[in-house]
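Chemist: Structure for the following, please:
(one chain, ligands or ions: 1)
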Amino acid sequence: MTILSSFFKKASTAFNGYSSYSKLLVVCTLSSGSLLAYSESQPDVSTHSVEGDQSESKKKKVVVLGTGWAGTSFLKDLDVSSYDVQVVSPRNYFAFTPLLPSVTCGTVEARSIAEPIRKIIKKRNGEIQFWEAECTKIDPSKKMVSCKSNLNKNLVGNSEFSLEYDYLVISVGAQVNTFGTPGVMENCHFLKVLKFRMQELEDALKIRRTVSDCFEKAVLPGLSEEERKTNLHFVVVGGGPTGVEFAAELHDYIQEDLVKLYPSVKDLVKITIIQSGDHILNSFDQRISSFAETKFQRDGIEVLTGCRVISVSDKEISLKIKSTGEVCSIPHGLVLWSTGVGTRPVIRDFMEQVGQPIEIAEWMSNVYPIIYARAFVFQTDRRALATNEWLQVKGCENVYALGDCATINQRKIMEDVATIFEVADKDKSGTLTVQEFQDVLDDILVRYPQLEIYLKNKHLRGVADLLKDAEGNERTEVDIEGFKSALCHADSQMKSLPATAQVAAQQGSYLSRCFNHMEQSAYNPEGPQRFRGSGRHRFLPFQYKHFGQFAPLGGEQTAAELPGDWVSMGHSTQWLWYSVYARLIGLLLLESRFALIVVVNGLHINEFVLP
Ligand SMILES: Cc1cc2nc3c(=O)[nH]c(=O)nc-3n(C[C@H](O)[C@H](O)[C@H](O)COP(=O)(O)OP(=O)(O)OC[C@H]3O[C@@H](n4cnc5c(N)ncnc54)[C@H](O)[C@@H]3O)c2cc1C
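Modeler: Next up is the predicted model:
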């Protein structure tokens, strides 16, 4: 019994007798059906018609690239009465990626975790236009994007067009990273989209078909035992949450369903996870890694740590054992590649165009104090597009980037320490009193959230604690040097945000709120005081709220790392996991076709999201 189906059975039993509720307990199971091209008619997307529409519009033009977690969450709350919104994406549906591993094993139907974009935007009275195409080029100097439709080549008409924008929202996600390993593209399966393919759901279904093919091939007459074993060897490269969840789902699927259908080969099946680090789930608390490794050992899932894959052929996977340098090859029936994410070509090209201006005076001043200049540093070696804390792409005022394709460059407090001191020192005495510091503390905490984390981690209760000298004595005032030494360790608390749906969805909601308050904020700014410059920032910077992370481990066991360093593992955590994901779907896609979401917390139903 796979995780989700068991959940629904349990939920049905729990609410037995409540017929109206029971009807709702059918999440994500709309017919059998294979995926999944939403074939709603496409409007004419010729260059001419699009540009013609734009010239007539007086509203500000917003172009949104991508219909994933970030883009969809932005569109969901955007006040479209103020903007002329156009959405470009090669995928005409939103995919609920956390349930993709369940699609590979048939626990959830592919179409049940997809919501057509046209359905989402229809709720906005048709005020949003959607073009099923890929953005191929962003030209910030002309404020224009070039797009290309990859729809059926036999259809007539122009497939290339361009769109002008006043605001551009880039939320194109990331692509799978093969690290240039030979044979990966040709011989592996993926749950994250590849460069030239955009359909995760099709990939998930392909995995499902291949697993079935592996079993069918293994039971054919005339195969040696070795050949049967090879066909039934499922290898997962990457021991992160996705790889681990896939291995766990596959294990349950095989043990609970497939071995009953193919009893003659049940003892020949093997699942192996290859991980380059020392442990699987190494972004989690160490207790969770150990719990997962022990569980997998019990389940017979082999975990090879400290190994790097060097090539993959259609029959074998070659790996190098990092500690000894030894190279070995293992035969396989199916390889799932699930290792990190890389940058899409359109983003790489855009990064090269805009570069990142930095003021070189700061780091040159010690050596050549008279030099003050600006330099453009290209970010070709960076994973994602750098933005400021308001999600604006650095160097492009009206371009925003969010989700997996972007990374926030949090400003360091030490870069601004002198100006903060100057602003705080109201009486210009050259020293800062506790009260003067206190007066600007709230603005500092909002602008540089790393300071709040630092105060918390060091158990400091406020300004007085922060200003204590090295011996722990309180000081009533400090000069600039004392101020610098009080703040100099705060920046060590800065961390990049993870590439997750949680982050992407929160960024989308945050940005739509900013867009909705664009006019008001011009005369009534809501952000913190500007330390470099005058007045206040128009908006509060984006602040991520972490609700924890989950790792489903199969056999109705889940591990969770929750805020406040709380770690939970086992069966009860599984229910927590259902609850959180149900809530996530509900928050993003209210009234969706996902039909039923029952949020169970303990033994109480908290929330239904109705069809
Ligand atoms: C199997 C799997 C399981 C996961 N599980 C979890 C989980 O449990 N919890 C969690 O928090 N995160 C999870 N993630 C990560 C999460 O899915 C991503 O972080 C999230 O999708 C990022 O959202 P996004 O909007 O930035 O990108 P995406 O959701 O990837 O969306 C990108 C969008 O951009 C479109 N696009 C691509 N190229 C172009 C282009 N050139 N022009 C226009 N549009 C383009 C795509 O078609 C897509 O619509 C999982 C990911 C995978 C693959």
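
Chemist: Let me see the backbone angles for P552.
Modeler: phi -70, psi 130 (degrees, to the nearest 10).

Chemist: Bridged to it, which residues?
Modeler: With DSSP bridges as the criterion, P552 is bridged to T558.

Chemist: Just to check, it is in contact with F246?
Modeler: No. Checked against C-beta atoms under 8 Å, the pair P552 and F246 is beyond contact range at 10.0 Å. (Each C-beta comes from the backbone N, C-alpha and C, glycine too.)

Chemist: The ligand contacts on this structure?
Modeler: Residues of the chain lying near the ligand by C-beta under 6 Å from any ligand atom: 65-71, 88-91, 97-98, 100-101, 134-135, 171-173, 191-192, 198, 242, 344, 346, 403-405, 499-502, 504.

Chemist: Now do stretch 450-467: distance from first to last residue.
Modeler: Start to finish, the residues bounding stretch 450-467 are 17 Å apart (C-alpha to C-alpha, to the nearest Å).

Chemist: ditto for stretch 268-287
Modeler: So stretch 268-287: terminal residues 31 Å apart, C-alpha to C-alpha.

Chemist: For that stretch, what is the distance to the chain centroid?
Modeler: Mean-position distance between stretch 268-287 and its chain equals 21 Å (C-alpha atoms, centre = their mean, to the nearest Å).

Chemist: Any buried residues in it, and which?
Modeler: Within stretch 268-287, the residues that count as buried by 16 or more other C-beta atoms under 10 Å are 268-277, 279-281, 284-285.

Chemist: swap in stretch 490-505?
Modeler: For stretch 490-505, by 16+ other C-beta under 10 Å, it's A490, D491, Q493, M494, L497, A499, T500, A501, Q502, V503, A504, A505.

Chemist: and what of stretch 163-179?
Modeler: For stretch 163-179, by 16+ other C-beta under 10 Å, it's 163-165, 167-178.

Chemist: Go through the residues you listed and flag which are in strands.
Modeler: Counting by DSSP state E, those place L163, E164, Y167, L168, V169, I170, Q175, V176 in strands.

Chemist: I'd like the distance between the second one and the ligand.
Modeler: It refers to E164. E164 sits 16 Å away from the ligand, taking C-beta to the nearest ligand atom, to the nearest Å as the criterion.

Chemist: bridging residues for that residue?
Modeler: M144.

Chemist: now the last one
Modeler: In this structure, V176 has beta-bridge partners V341, where bridges are defined by DSSP bridges.

Chemist: so what pLDDT did it get?
Modeler: Listed pLDDT for V176 reads 87.

Chemist: Equivalent analysis for the fourth one, please.
Modeler: L168 carries a pLDDT score of 98 in this model.

Chemist: so what's it bridging to?
Modeler: Assigned bridge partners for L168, using DSSP bridges, are V63, V399.

Chemist: My guess is it contacts G66. True?
Modeler: No. Between L168 and G66 there is no contact under C-beta under 8 Å: 11.3 Å.

Chemist: coming back round to it: looking at the ones in strands among the buried residues of stretch 163-179, which two lie furthest apart in space?
Modeler: Across those, the longest distance by C-beta to C-beta is 31.8 Å; it joins E164 and V176.

Chemist: Spatially nearest residue to H279 (excluding sequence neighbours)?
Modeler: Closest residue to H279 apart from its sequence neighbours, by C-beta to C-beta, 6 or more residues apart in numbering: S289 at 4.2 Å.

Chemist: Need the residues that contact the host helix or strand of that neighbour.
Modeler: In this structure, S289 sits in helix 286-299 according to DSSP states H and E. If you take C-beta atoms under 8 Å, 6 or more residues apart in numbering as the criterion, helix 286-299 is touched by 244, 247-248, 251, 273, 279-282, 302-303, 551, 553-555, 557, 559, 561, 567, 569.
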